[in-house]
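K.L.:
one predicted model, sequence on top.
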Amino acid sequence: MNTLIDFLNIDIKPLKSKETIAEAQDLFADYNYSHFPVTEENVFIGCISKEEAEIHPSHKTIGECRYEFDRFYVRSQMIWLDVLEEFAKNEANIVPVLNEQNKYIGYYELDDVIKFFHETPFLREEGGILVIKKEISGFSMSQVTQIVESNNAKLLGLFISKTEANFIEVTLKISESSLNEIIQTFRRYEYEIVSEHQEDSYLKNLKERSDYLDKYLNI
């Protein structure tokens, strides 16, 4: 399987601070990028956005706009989830990559990182998706893992899909197993099951009791 660094892109050289805004405008016209990295004497100094390039006079140098640059980047050794977070936080489809010596070495494109995500066991391996919710104060990653493995299943991956007020919502990918047993165990540990599952016996029993009660009241 590929590693994320295999998707490092060096096809286009970074913009230089001494180049003109017109050259940046030409780049954004040719490529559907939200930003592009800028270097000065081979040192990364930030990213110019497409919007900034559009509003500045074309004769100005890119360096004259440096105080309006977005200064985000990732490290070459960062894991893909952290890289994906940088894309999301900066609403970008490209991020510069620096090595441990802070030297600019290339960039990642969002489509490539998504492609890498698709190759991970979280999506590639067969299994069930389960979304759980609990108060942050009572949530434990180790407990989640223990609940899954105690039911003879494997946790293929998880990520925090939502946080609100005092609650946390987590999406799990679980190897093929009896999801119903896992679901009921989570409930015993006071986790709320957000996702719907056909084999959820708890909900099935509730529905049967509800149907019975409706039938009784209509007699």
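P.N.:
Alright, I've got the coordinates.

K.L.:
return the set of buried residues in stretch 17-24.
P.N.:
17, 19-21, 24 (16 or more other CB atoms under 10 Å). From N, CA and C alone the C-beta is placed, and that goes for glycine too.

K.L.:
with these in mind, which one is nearest to residue 9?
P.N.:
Minimum distance to residue 9 across the buried residues of stretch 17-24 is 18.0 Å, recorded for residue 24 (CB to CB).

K.L.:
on that earlier part again, filter the buried residues of stretch 17-24 down to the ones in helices?
P.N.:
Taking DSSP state H, the ones among these that sit in helices are 21, 24.

K.L.:
for the buried residues of stretch 17-24, could you give me JSON lines that also reports pLDDT?
P.N.:
Putting the buried residues of stretch 17-24 into JSON lines (pLDDT from 0 to 100) gives the following:
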{"residue": "17", "pLDDT": "96"}
{"residue": "19", "pLDDT": "97"}
{"residue": "20", "pLDDT": "97"}
{"residue": "21", "pLDDT": "97"}
{"residue": "24", "pLDDT": "97"}
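
K.L.:
and of the buried residues of stretch 17-24, the nearest to residue 41?
P.N.:
Nearest to residue 41 among the buried residues of stretch 17-24: residue 17, at 8.4 Å, using CB to CB.

K.L.:
which residue packs closest to that closest one, ignoring adjacent ones?
P.N.:
With CB to CB, 6 or more residues apart in numbering as the criterion, residue 17 has its nearest non-adjacent residue at 3.3 Å, and that residue is residue 63.

K.L.:
and which of the buried residues of stretch 17-24 is nearest residue 134?
P.N.:
Residue 134 lies nearest to residue 24 out of those, by CB to CB, at 47.5 Å.

K.L.:
who does the strand or helix carrying residue 174 pair with, and is each partner parallel or antiparallel?
P.N.:
Using DSSP states H and E, residue 174 sits in strand 167-175. Applying DSSP bridges, strand 167-175 is found paired with strand 127-135 (antiparallel), strand 155-164 (antiparallel).

K.L.:
what separation is there between the residue nearest to residue 17 and residue 18?
P.N.:
Distance of residue 63 to residue 18, given as CB to CB, to the nearest Å: 6 Å.

K.L.:
so what sits against both of these two?
P.N.:
Listed as contacting both residue 63 and residue 18 by CB atoms under 8 Å, 6 or more residues apart in numbering are residue 40.

K.L.:
now the residue most central in space within the chain, nearest residue through space, not along the chain?
P.N.:
Per CA atoms, centre = their mean, the C-alpha nearest to the average position across the chain is that of residue 84, at 4.6 Å. Once flanking residues are discounted, residue 84 sits nearest to residue 113: 5.7 Å by CB to CB, 6+ apart.
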